[in-house]
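K.L.:
Got a predicted model here, sequence first, then my questions.
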Amino acid sequence: MKAVAVFPGKAGSIHLAELQKPSLQDIPNGRGVLVKVLRVGVDGTDKEINAAEYGQAPPGSDFLIIGHESFGQVEAVGTRVTELRPGDYVAATVRRPGSSIYDQIGTYDMTTDDTYFERGINLRHGFLTEYYVDEPEYIIRVPEGLKQVGVLMEPTSVVEKGIAQAYEIQRRLRVWQPRRAAVLGASTLGLLATMVLRLRGLEVVVMARTRPPFLNAKLVEETGARYVSTQDLTLDKASEQFGPFDLILEGTGFSPLVFEAMDVLAKNGVLVLVSVTGGDRKVEVPADKINLGFVLGNKVAVGSVNANREYFEMGAKDLSQAELQYPGWLSKLLTHPVDGLANYEKMIKLLTEEKGAIKVFVNVTKE
Ligand code: BGC
Ligand code: ZN
């Protein structure tokens, strides 16, 4: 079967690899689930892996199959699998456990190990291929009614975890009733976070660079949230006008914004950081002011990396609710399809050059 792979550490090495189809027997104790891949979403991480800024091959392999945003259909299950059946639509989690106590209790996204395992990113092959096999623990059923948008499960799990962590932390306040949220960034993560927060009844302001009108701003408004360009209003001013924000989710990838967000965050507020920033950018910050605000305002900032199955399950529920609440909205995020694994060059080109893209995804196999 075919797969899209890179030679980690070698920039621009994306290529089509030929390998053996995996089998149920690859997983011990009759616990294998063989999945036919239907669609795979791609994002900045895939671009960075191909630019050799990120990613490692699995031990014993000189290449890494990329792709971590999977959607597929179960083709066969081992004799001791009761959780899933052939025909089920599914998405797979990305992280795989290491050895810390957090890994051992199923919260492998909270590992304290230095080495972490992520399918399609670090030390484990990904899903940009025709079939994969894994254990049912890592495979989440997606309702059939979501099959057109099921490829959004992985990015949705990223925002679900971030927001769930915020709510979990805020139980410290006994009566936290968040009213206003700011989402920084209006790409896939920002849009999905907006959806999740709107479904929870918050007033949401989304801030990103581009001036409206453009699709992302329109999608923000379709959920009843407000879109503001940072070219028209700084975060500071936006907070004066529309805040203070009880919850801020930072997903732009521009780390200096983190400190601005800390500064404007409401008293008792929570700031969630979900951007993976591999660079080494430095900025000067009003340290005393930020610190004072945090102390006197009992503020919290939390980082959040994706994700265990709990958050994928939340994602399936919120995607379902979104289809009811905002019919057709999720499909509009799927802006740039690529047909077939062999078109990987087009996929990379869209990722690097197409500024208007929200979600680039590969149609791997037709059902
Ligand atoms: C992926 C996450 C992953 C993170 C860090 C993101 O692009 O969506 O699953 O945890 O990169 O590698
Ligand atoms: Zn990703």
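P.N.:
Yep, it's here. Ligands and ions are numbered 1, 2, ... in the order given.
K.L.:
The helix or strand hosting Ile163 near ligand 2 anywhere?
P.N.:
Ile163 is part of helix 153-169 when elements are defined by DSSP states H and E. No. Against ligand 2, helix 153-169 shows no contacts by Cβ under 5 Å from the ion, the least distance being 6.4 Å. (Each C-beta comes from the backbone N, C-alpha and C, glycine too.)
K.L.:
do the same with stretch 101-119
P.N.:
No. Applying Cβ under 5 Å from the ion, one finds stretch 101-119 separated from ligand 2 by no less than 9.3 Å.
K.L.:
quick check: mean pLDDT across that stretch?
P.N.:
For stretch 101-119, mean pLDDT rounds to 97.
K.L.:
what comes up buried for that stretch?
P.N.:
For stretch 101-119, the neighbour count (16 or more other Cβ atoms under 10 Å) marks Tyr102, Asp103, Thr107, Tyr108, Asp109, Met110, Thr111, Tyr116, Phe117, Glu118, Arg119 as buried.
K.L.:
repeat for stretch 73-89
P.N.:
Gln73, Val74, Ala76, Val77, Gly78, Val81, Leu84, Asp88, Tyr89.
K.L.:
Helix or strand next in line after the host helix or strand of the first one, which one?
P.N.:
Using DSSP H and E, Gln73 falls within strand 69-77. Taking DSSP H and E as the definition, the helix or strand that follows strand 69-77 towards the C-terminus is strand 89-92.
K.L.:
Look up how far Asp280 lies from the residue sitting nearest the centre point of the chain.
P.N.:
Per Cα atoms, centre = their mean, the C-alpha nearest to the average position across the chain is that of Pro155, at 2.7 Å. Counting by Cβ to Cβ, to the nearest Å, the separation of Pro155 from Asp280 is 26 Å.
K.L.:
Next: Glu260.
P.N.:
19 Å.
K.L.:
before we move on, the earlier item: which pair of the buried residues of stretch 73-89 spans the longest distance?
P.N.:
Gly78 and Tyr89 (18.9 Å; Cβ to Cβ).
K.L.:
so where's the chain uncertain?
P.N.:
Judged against pLDDT under 70, the chain has no low-scoring part.
K.L.:
Domain map for it?
P.N.:
2-149+335-363, 157-303 (automatic domain parsing).
K.L.:
can you tell which of these is closest to ligand 1?
P.N.:
Ligand 1 lies closest to domain 2-149+335-363 among those, at 3.3 Å (Cβ to the nearest ligand atom).
K.L.:
can that closest one be found next to ligand 1?
P.N.:
Yes. Against ligand 1, domain 2-149+335-363 shows contacts by Cβ under 6 Å from any ligand atom at Asp43, Thr45, His68, Val94, Glu118, Ile121.
K.L.:
close enough to count as contact, the first one and Leu192?
P.N.:
No. Contact between Asp43 and Leu192 fails when scored by Cβ atoms under 8 Å: they sit 11.9 Å apart.
K.L.:
Which neighbours do the two have in common?
P.N.:
Pro155 (Cβ atoms under 8 Å, 6 or more residues apart in numbering).
K.L.:
Can you get me a residue count around Val206?
P.N.:
26 (other Cβ atoms under 10 Å).
K.L.:
Settle this for me: it is touching Gly190, isn't it.
P.N.:
Yes. Here Val206 reaches Gly190: they are 6.0 Å apart, a contact under Cβ under 8 Å.
K.L.:
hey, what's in contact with both of the two?
P.N.:
Common neighbours of Val206 and Gly190, using Cβ under 8 Å, 6+ apart, are Val183, Leu184.
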